[in-house]
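Student: Sequence and predicted model, in that order:
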Amino acid sequence: MNPALNLWLIPILPLAGAVINGVFGKKSSRQTVSVVGLFFSGAAFAWALLVAARFSSLSLPYQEYLAHWIRSGSFAVDFAFYLDQLSLIMLLVVTGVGFLIHIYSVGYMWDDPSYYRFFSYLNLFMFFMLTLVLANNYLLMFIGWEGVGLASYLLIGFWFTKDAAARRARKRLSSTASATSDS
């Protein structure tokens, strides 16, 4: 019997940071926005490290059911997360590198007037990437995949008033749409 790892906390933490900075960031100081962005991405990394420390005691693959999603006859799709060796490695890469990117971005973006919006998008990207990595089924993985595309579009087009950035963002969005339709 596996102990509960509460995998759902790992993607929810960056989502909470994205929502807090997205809703309250414009009226908050840069220090507060930085603390929120760094705290929630760092907490996700710390939780991933705790999961990695407990990994050897798990019977694999580890699955964590969250809620019913779609039920139709014998067809069922649930909100559930899946953890095996590969997803653990990707979990550590996404949270570890994501946290380092957040740290770097504090200095790099400090003078930008939309500082809060950038951190909101960055945390949103982490949320969708973690959903993609931990998804237990193709439908949830698809949501993660499309969310990563959306967050990439938002980050690439962050300086949307510059024609080059807006053009690159549209190109990124159209390449995501064509990759999805080709599958």
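Tutor: Done, it's in. Residues are numbered from 1 along each chain as shown.
Student: Can you name the residues bridging to residue 135?
Tutor: Each beta-bridge partner of residue 135 is listed here: residue 81, as defined by DSSP bridges.
Student: What pLDDT does the model give it?
Tutor: At residue 135 the predicted local confidence, pLDDT, stands at 95.
Student: In contact with it, which residues are there?
Tutor: For residue 135, the set of contacting residues under the criterion of Cβ atoms under 8 Å, 6 or more residues apart in numbering consists of 81-82, 141, 143-144. (Glycine included, C-beta is placed from N, CA and C.)
Student: How far off centre is the helix or strand harbouring residue 24?
Tutor: Of the helices and strands defined by DSSP states H and E, residue 24 is found in helix 9-24. A distance of 9 Å separates the centroid of the chain from that of helix 9-24, by Cα atoms, centre = their mean, to the nearest Å.
Student: Quick one: mean pLDDT over stretch 151-159.
Tutor: This predicted structure assigns stretch 151-159 an average pLDDT of 85.
Student: buried stuff in that stretch?
Tutor: Buried residues in stretch 151-159, defined by neighbour count with 16 or more other Cβ atoms under 10 Å: 151-154, 156-158.
Student: Tabulate the CA atom coordinates of that stretch in CSV.
Tutor: This file holds the C-alpha atoms of stretch 151-159, laid out as CSV (Å, rounded to 0.1, in the frame of the first residue of the first chain):
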residue,chain,number,x,y,z
ALA,A,151,1.5,29.8,-21.9
SER,A,152,4.3,29.8,-24.5
TYR,A,153,2.2,32.1,-26.7
LEU,A,154,1.7,34.5,-23.7
LEU,A,155,5.4,34.4,-22.8
ILE,A,156,6.7,34.8,-26.4
GLY,A,157,4.3,37.6,-27.1
PHE,A,158,4.8,39.3,-23.7
TRP,A,159,6.0,42.5,-25.3
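Student: Give me the distance between it and the centre of its chain.
Tutor: Per Cα atoms, centre = their mean, the centroid offset for stretch 151-159 relative to its chain is 14 Å.
Student: which other residues reach stretch 12-20?
Tutor: By Cβ under 8 Å, 6+ apart, the list of residues contacting stretch 12-20 from outside reads 36-37, 39-41, 43-44, 47, 98, 119-121, 123-124, 126-127, 130.
Student: which residues are contacting the longest strand belonging to the chain?
Tutor: For the chain, the strand reaching the highest residue count under DSSP state E is reported as strand 62-72. Among residues not part of strand 62-72, those counted as contacts by Cβ under 8 Å, 6+ apart are 2, 4-8, 76-84, 136, 139-140.
Student: From the contacts of residue 135, pick the one nearest residue 93.
Tutor: Minimum separation from residue 93 among the contacts of residue 135 (Cβ to Cβ) is found for residue 144, which lies at 14.9 Å.
Student: Report the separation between the closest one and residue 134.
Tutor: Separation of residue 144 from residue 134 (Cβ to Cβ, to the nearest Å): 8 Å.
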